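*Asks:* next comes the sequence, and after it the predicted model I'd like to discuss.
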Amino acid sequence: MASTTTLSAPGTAPVFWDDGSHHPQQGTLLGFWLYLMSDCLIFAVLFATYAVLGRSYAAGPSGADLFDLPLVAANTALLLFSSITYGFAMIAMQHGRQRHLLAWLAVTGLLGLGFLSIELFEFSHLLHEGAGPHRSAFLSAFFTLVGTHGLHVTFGVVWLATLMLQVRKRGLTHENKRRLVCLSMFWHFLDVVWIGVFTFVYLMGSLG
Amino acid sequence: MSASHQHDHAHDDIGYHATLRGYATGFGLSVVLTAIPFWLVMAKVLPPGLTGFVILGFAAVQMLVHMVYFLHMNAKVEGGWSLLALIFTAAIVVIMLAGSIWVMFHMNTNMMPMPDPQAMRHMP
């Protein structure tokens, strides 16, 4: 535009005061982190609901009656292992080893599916015993909190499969690396939420 | 963000630095911090009230471990904005959780023993 060139003398290079140096290098990663923080608030609300309603059994079963701690321990182990396998995937990504990356992502996805299978088994078992979300305020809060986490893991697995296809098709491009970093944050964040779930819901619920 | 800072990064750097050592440390600590609470509850080592406080402490420490070693959280990520958002969120979460539990606990204790009609007549 002609108006911008009038700022500098004719024949000299135009001066741009905004050299872009104050922009964050990775707006996406900060934005995704902010999304995770807002997701954290969703879980905080559900945890607060559970904290308030978690002892309202309506003469129904309590956590100590229902929870199968060895099963929860297995679930926790699966999720913890999936965190470190995703870490291995990220290290493979940094070294540009695409095949290693895909293999570790596949292992992570399978561990995630294992987690979901155990959780669905637990839920169906509870429903079969008549301890569904309709039974008491405690069970409503329980299914909402644990179910929301399970839904997040489900979408994480879908996202992971999508990214595996993307990497297979287009290779380790800058965009794909950025997506993989976002998913790593999502995946590790879900593990952090699960720490709260197994401690606050399962372990403290089993204390009676 | 100074120009020299930008030169620290390679051109295809996505601002992410995972190390095998970091992940191994985080994983080792997590396994210990998970196993001890499960053991405390399943083996009934301590009285229930004390166990509750202890396992909540373990959970808080493990969340920090995950933040540092898996989510690579420190004061330098995104020029400190990530940490600031995290601290802000943590403050909201603490207020929300503590406030809900505190308020509802008091409402419950005030509601549970239904006052008899005789006493209710003298209430303000």
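*Replies:* Sure thing, it's come through.

*Asks:* for the nearest residue to residue A:179 once chain neighbours are set aside, give me its contacts.
*Replies:* Nearest residue to residue A:179, sequence neighbours excluded (CB to CB, 6 or more residues apart in numbering or on different chains): residue A:163, at 5.7 Å. The C-beta positions use only the backbone N, C-alpha and C, and glycine is treated the same way. By CB atoms under 8 Å, 6 or more residues apart in numbering or on different chains, the residues touching residue A:163 are A:105, A:176, A:179, A:180, A:183.

*Asks:* pLDDT of whatever helix or strand the first one lives in, averaged?
*Replies:* When you say that, I think you mean residue A:105. Assigned by DSSP states H and E, residue A:105 belongs to helix A:98-128. Averaging pLDDT along helix A:98-128 gives 97.

*Asks:* pull out the buried residues from it.
*Replies:* By neighbour count with 16 or more other CB atoms under 10 Å in any protein chain shown, helix A:98-128 contains the buried residues A:101-102, A:104-105, A:107-109, A:111-116, A:118-119, A:122-123, A:126.

*Asks:* so which of the contacts of residue A:163 is the closest to chain B?
*Replies:* Among those, residue A:180 lies closest to chain B (CB to the nearest CB), at 8.7 Å.

*Asks:* the closest one: neighbour count?
*Replies:* 24 (other CB atoms under 10 Å in any protein chain shown).

*Asks:* ok, residue A:159 next?
*Replies:* That count, for residue A:159 with other CB under 10 Å as the rule, works out to 16.

*Asks:* in contact with residue A:193: list those residues for me.
*Replies:* Residue A:193 sits in contact with A:40, A:43, A:149, A:152, where contact means CB under 8 Å, 6+ apart.

*Asks:* list only buried entries from these.
*Replies:* Taking 16+ other CB under 10 Å as the criterion, what is buried in the contacts of residue A:193 is A:40, A:43, A:149, A:152.

*Asks:* picking that back up, show the pLDDT at the residue nearest to residue A:179.
*Replies:* Reading off the confidence values, residue A:163 has pLDDT 96.

*Asks:* may I see the buried residues of the one helix or strand it maps to?
*Replies:* In this structure, residue A:163 sits in helix A:137-170 according to DSSP H and E. If you call a residue buried by 16+ other CB under 10 Å, then helix A:137-170 has these buried ones: A:137-146, A:148-150, A:152-154, A:156-157, A:159-160, A:163-164, A:167.

*Asks:* and the angle from that helix to helix A:98-128?
*Replies:* Calculated by axes from the mean of the first three to the mean of the last three CA atoms, to 10 degrees, helix A:137-170 forms an angle of 160 degrees with helix A:98-128.

*Asks:* export the contacts of residue A:193 to TSV and tack on pLDDT and distance to residue B:85?
*Replies:* As requested, those are exported to TSV (pLDDT from 0 to 100; distance: CB to CB, whole Å):
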residue	pLDDT	distance to residue B:85
A:40	96	10
A:43	97	16
A:149	97	21
A:152	97	19
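
*Asks:* re the thing from before, out of the buried ones among the contacts of residue A:193, which touch chain B?
*Replies:* Residues of those in contact with chain B (CB under 8 Å from any CB of the partner chain): residue A:40.

*Asks:* between the buried ones among the contacts of residue A:193, which sits nearest residue B:59?
*Replies:* residue A:43 (13.6 Å; CB to CB).

*Asks:* and residue A:78, how many neighbours?
*Replies:* 20.

*Asks:* how about the helix or strand hosting it: buried residues?
*Replies:* Under the criterion of DSSP H and E, residue A:78 resides in helix A:69-94. Residues of helix A:69-94 classed as buried: A:69, A:72-73, A:75-94 (neighbour count, 16+ other CB under 10 Å).

*Asks:* cool, and stretch B:50-65?
*Replies:* Neighbour count says stretch B:50-65 has B:51, B:52, B:54, B:55, B:56, B:58, B:59, B:62, B:63, B:65 buried, by 16+ other CB under 10 Å.

*Asks:* which of these fall within helices?
*Replies:* Per DSSP state H, helices hold the following members of these: B:51, B:52, B:54, B:55, B:56, B:58, B:59, B:62, B:63, B:65.
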